[in-house]
Each structure stands twice: as C-alpha cells, then as structure tokens.
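Undergrad: The amino acid sequence is not available; the structure is as follows:
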C-alpha cells in the first residue's frame, strides 16, 4: 500500500477496534483471574505454584503463537485470521466457564491464548500497514489504549464478579463483547497487501516453542526445587540451546519464520529490551498487589482489584496522548519521562513494602501506570521506525512475542519468590507473603533501572546515526 493511499477512515478504525477487543478480552481475563487465585486455590485444592499457570500458561501460548504472525500475514488474508482467532477465543471462553476441574479451566485458557496470539499482532499489523506515517504515533497509541484499558477493568471487575457471582461469570460476561467484535471485524477488516504461499518452517518453530517452554518451566520449577537445582539448570540450558539453534537457522534461511536481521538494528533491539522489562514489571505487580492486599492486609477480592484501577485508567488514556506528543516533539521526552516515573514507583513500593497501606499503594501504582502510558506505545513506535518497512511485520512479531514471554516470566518469577517464602513459613501465610513480596519488589526495582539505561542507550545510538547520515548528505 503506497503512503499516498493511506488514510484514516471508519473501516480502519473499526478493524483496529475489532482486533483490539480480542486482545482486550484476553488481558481482562488474565488480570481478573489474578484476583481469583485465592478462590481457585480453595475450590480446586491447589497451591500457588499450580494456580499461577492460569496466567503463565496463557502467556506462554501467546509467546509461542505470536512468532508465527509474520508468516500468517504473508500466507492468509487478514479477515480469515481474525475469524479463526475469535472462534478459538469463544471456544476457550465457554470451556473455562463451564469446567468442573482445574485441568479443563487451564485448557480453556490455553485455547484463548491461541486466539489472542493471532489477534494481537493482527491489530498492530493493520495499524502499521494502513495508517499514514504522520499519524502513526497517535494510532499506535490508540491501539495500545484498547489493550491498556484491560488491566484497569480486569482486577476491579474480576473482584466484583468473584464476590457477587463467582469466578465463572468472568468468562460469561465476555461473550457479548466477543460477538460484537466478530460483527465489527467481519464487516470492516480489509486486505491491502497480497498473500503468497510461503513455506512454514516447522523445525524452526519447534526449536522456538521448546526454547520458550523450557524457559518458563525452569522459572516455575524453581519455586519447588530452588534456582540452583539440577532440573532448573538443565531446563535453562536446553532453552538457550534451542533458541540459539533457532536464531542460527533463521539467519541462514531464505524464507525464515522471523527475519532475525531486525536484531542487527541496535536501537530496535534496545527498544525491545525496554518493552520486555516493562512487561516483566507490569505483570509482576499485577500479581503482587492484589495478592498482598488479600493475604497480608486482609482485603476482599473486589477491594484488592480496585487498587490498580486509578493507575490503569490514567495509563490507558495517556497512550494516545503520549503518541501525539511523539508525533509533535519526538520520542525522547515522553519515553524518558515515563521511565523516570516507573523507577520512582518501584522505589516507593520497595521502601514501603513492609507495611503497604491501601492509599499509598494506589498512589505508587498511579506513578507506574503514568510511566507505562508514556513509555510503552512510544517505545514500540520508535523502535519499529528504526527498521525498514519490509521488516516491520517481523519487528512487530518480535516485540509482541517477547512482551508476552516477559509477562509469563515476570508472573512466574514473582510467584516463585512468594511461594518460596510461603514454603519457608508454612504456619503464617500473611508474614510469609509479606516477606516474599518485599524480595519481589526489590527485584522489580532493579529491573526499572535497566529500563532507563536501555532507553538512553537507544537514543544515543539514534542520534549518532543521524549525525553520520547528515555528514554523508
């Protein structure tokens, strides 16, 4: 599609919203289910290490499915992908709503993950392919707004539903929204690029899937066997080996599953690291705060879920505004401001984690969400701008894949830390959860410093490249 042919019209907006509703629904369930963990543990008689797979397993499926998005975009029409995704998501939702056992609940969540794994990159591919360059920051921010609203809605609505109707109604309540998404998508999604019969690299995909799965299993196994145990070390080693083989094969393939040349652009790679670290911290907080409120402070599920609501609403509505700031003033100001807000938030959580009251907790999370709203969409846009248009779909696949993997690892690592603390003090869940949460907050605070370092490094490299180009001109 030529740049001159790109325009923002009603069909484009509706197609972005239709794909976005599925991503929104996936994150709503993900964050809402975090609030239900104590209820699920009691109903199904399972522990923290098992129940966290409701989130970790879902995110792992996303991390395995999203890498195929570049191939799927080349091979199938966008409307076909959308219909496949939403049908799978509805099947998973119904299964999770009616299941009598935990294993089928988990299976339903995994099927939902397949649907979201197709829909999430589809939303950003539509935006990148059809939006004019001068409006890209605004529309990427708007696309981010759709999914950013989910963490605001999920915990509070999830807590309310659990208290009054039971956790199954979380899934039932999604069905009308999914039907609306189906109608909008079928009537508005259009095809602007040609499809072709590209070969699917099955062996490469298996290496990637096994690598990601081993990494997640390693972080989960550490909660029961310890980080230095032989099973954990073996899983990490196998993960690194599989991912290294995947990278090598893709770098020497004429038609790779993912074009790994995107990593040759260092500013893009640093931007990806920023997004990975933010997602790690975000999902870690999404688990820590509601569970701390319930298990340490004794709050009910609804109150615990509402702790995230003000911050998430602020961060969500800031996404398109900060995107507009990028269009007008460049990426550095909103991104670096957001990074500083994230660091401030986690420092406060760490300092006050010994006794985290409701109002300070809300305030600290508002600062985190403010930073997230200014950083995430703009970092993604700025990173993708460093690539050639031919690599945008691959860059999009890399970003969305590693974000989901980081979320899965963030949830898994944080729950591992808390579970290890609970295991060391089996007679006092509140004290054990408090001590484990303190350790987790310290880890997240260290990661926020890495966010700022990567952002600054990316901007220094971009500025150096611009100076070199100016000299050659």
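TA: Right, received. Where do you want to start? Here the structure is a predicted model, which means the values were calculated and not measured.
Undergrad: need the next SSE after the least confident helix or strand in the chain by mean pLDDT, C-terminal direction.
TA: Here the helix or strand of the chain ranked lowest by mean pLDDT, DSSP states H and E is helix 136-164, holding a mean of 68. Remark: after helix 136-164, the chain's next helix or strand is helix 169-172, criterion DSSP states H and E.
Undergrad: Off-centre distance for that next one?
TA: In terms of Cα atoms, centre = their mean, to the nearest Å, the centre of helix 169-172 is found 21 Å from the chain centre.
Undergrad: List the buried residues for that helix?
TA: Neighbour-count burial for helix 169-172, counted by 16 or more other Cβ atoms under 10 Å, picks out 170, 171, 172. Heads up, the C-betas are built off the backbone N, CA and C, glycines and all.
Undergrad: Contacts for that helix, please.
TA: Helix 169-172 has contacts (Cβ atoms under 8 Å, 6 or more residues apart in numbering) with 29, 32-33, 36, 93-94, 96-97, 108, 157-158, 161-162.
Undergrad: what's the average pLDDT for stretch 255-264?
TA: Taken as a whole, stretch 255-264 has a mean pLDDT of 86.
Undergrad: Quickly note the distance from the closest residue to residue 290 other than its chain neighbours to residue 420.
TA: Leaving out its chain neighbours, the residue that sits closest to residue 290 by Cβ to Cβ, 6 or more residues apart in numbering is residue 304, at 4.1 Å. Distance, residue 304 to residue 420, by Cβ to Cβ, to the nearest Å: 22 Å.
Undergrad: So these two - more neighbours on which side?
TA: When residue 304 and residue 420 are compared for neighbours, residue 304 comes out ahead with 28 against 20, by other Cβ atoms under 10 Å.
Undergrad: What mean pLDDT does the host helix or strand of that one get?
TA: Assigned by DSSP H and E, residue 304 falls within helix 301-306. Across helix 301-306, the average pLDDT comes to 73.
Undergrad: Kindly report the same for stretch 217-232.
TA: pLDDT averaged over stretch 217-232 gives 76.
Undergrad: What are the buried residues along it?
TA: 217, 218, 219, 220, 221, 222, 223, 232.
Undergrad: which one of the residues you listed sits closest to residue 463?
TA: Using Cβ to Cβ, the shortest approach to residue 463 within these belongs to residue 219, at 36.4 Å.
Undergrad: which residues touch stretch 75-86?
TA: Counting by Cβ under 8 Å, 6+ apart, residues outside stretch 75-86 touching it are 15, 18-19, 22, 72-73, 114-119, 122, 125-126, 178, 181-182, 185-186, 189-191, 195-198, 200.
Undergrad: try 7 Å this time
TA: 18-19, 22, 72, 115, 118-119, 122, 126, 178, 181-182, 185-186, 189, 191, 195, 197-198 (Cβ atoms under 7 Å, 6 or more residues apart in numbering).
Undergrad: again, but for stretch 414-429
TA: Stretch 414-429 is contacted from outside by 48-49, 52, 219-220, 222-223, 284, 287-288, 295, 431-433, 435-437, 439-440, using Cβ under 7 Å, 6+ apart.
Undergrad: Just the buried ones out of these, please.
TA: 48-49, 52, 219-220, 222-223, 284, 287-288, 295, 432-433, 435-437, 439-440.
Undergrad: Quick one: classify the closest residue to residue 175 other than its chain neighbours as helix, strand or coil.
TA: Once flanking residues are discounted, residue 175 sits nearest to residue 93: 6.5 Å by Cβ to Cβ, 6+ apart. Secondary structure, DSSP: H, G, I helix; E, B strand; the rest coil: residue 93 is helix.
Undergrad: these two touch, right, residue 93 and residue 177?
TA: No. The criterion here is Cβ atoms under 7 Å, and residue 93 misses it with residue 177 at 10.1 Å.
Undergrad: between these two, who's got more neighbours?
TA: More neighbours surround residue 93 than the other of residue 93 and residue 177, with 25 against 14 (other Cβ under 10 Å).
Undergrad: And the average pLDDT for the helix or strand harbouring residue 181 is what?
TA: Secondary structure assigned from DSSP H and E places residue 181 in helix 175-188. Averaging pLDDT along helix 175-188 gives 90.
Undergrad: which other residues reach that helix?
TA: By Cβ under 7 Å, 6+ apart, the surrounding residues in contact with helix 175-188 are 11, 14-15, 17-19, 21-22, 25, 79, 82-83, 86, 89-90, 93.
Undergrad: Look up phi and psi at residue 228.
TA: Here is the backbone geometry of residue 228 (degrees, to the nearest 10): phi -100, psi 10.
Undergrad: List the contacts of the nearest residue to residue 358 once chain neighbours are set aside.
TA: For residue 358, ignoring the flanking residues on the chain, the nearest one in space by Cβ to Cβ, 6+ apart is residue 307 at 6.7 Å. Neighbouring residues of residue 307 by Cβ under 7 Å, 6+ apart: 289, 290, 293, 358, 361, 362, 365.
Undergrad: what's the neighbour count on the fifth one?
TA: Counted with other Cβ under 10 Å, the neighbours of residue 361 add up to 22.
Undergrad: Leaving out chain neighbours, which residue sits closest to it?
TA: Closest residue to residue 361 apart from its sequence neighbours, by Cβ to Cβ, 6+ apart: residue 307 at 5.5 Å.
Undergrad: The one you found and residue 354, how far apart?
TA: 17 Å.
Undergrad: hang on, the earlier thing: please pick the buried ones from the contacts of stretch 75-86.
TA: The neighbour-count test (16+ other Cβ under 10 Å) marks 18-19, 22, 72, 115, 118-119, 122, 126, 178, 181-182, 185, 189 as buried among these.
Undergrad: show me what contacts residue 405?
TA: Residues near residue 405 by Cβ under 7 Å, 6+ apart: 63, 212.
Undergrad: Local confidence estimate at it?
TA: On pLDDT, residue 405 comes in at 75.
Undergrad: what comes up buried for the host helix or strand of it?
TA: Taking DSSP H and E as the criterion, residue 405 maps to helix 392-424. Of all the residues in helix 392-424, those buried under the rule 16+ other Cβ under 10 Å are 392-422.
Undergrad: What's the local residue count around the closest residue to residue 212 other than its chain neighbours?
TA: Closest residue to residue 212 apart from its sequence neighbours, by Cβ to Cβ, 6+ apart: residue 63 at 5.0 Å. Residues near residue 63, counting by other Cβ under 10 Å, number 28.
Undergrad: What of residue 390?
TA: Neighbour count of residue 390, defined by other Cβ under 10 Å: 9.
Undergrad: Start at 37, not 1
TA: Yep, numbering from 37; the last one is residue 426 now.
Undergrad: measure it to residue 295 for me?
TA: From residue 426 to residue 295 the distance is 8 Å (Cβ to Cβ).
Undergrad: go on, residue 154?
TA: 19 Å.
Undergrad: Can you check the pLDDT for the closest residue to residue 470 other than its chain neighbours?
TA: The shortest distance from residue 470 to any non-neighbouring residue, by Cβ to Cβ, 6+ apart, is to residue 332 (4.8 Å). You'll see residue 332 listed with a pLDDT of 82.
Undergrad: Kindly calculate the angle that the longest helix along the chain makes with helix 428-460.
TA: Determined from DSSP state H, the single longest helix within the chain is helix 465-508. For helix 465-508 against helix 428-460, the angle by axes from the mean of the first three to the mean of the last three Cα atoms, to 10 degrees is 150 degrees.
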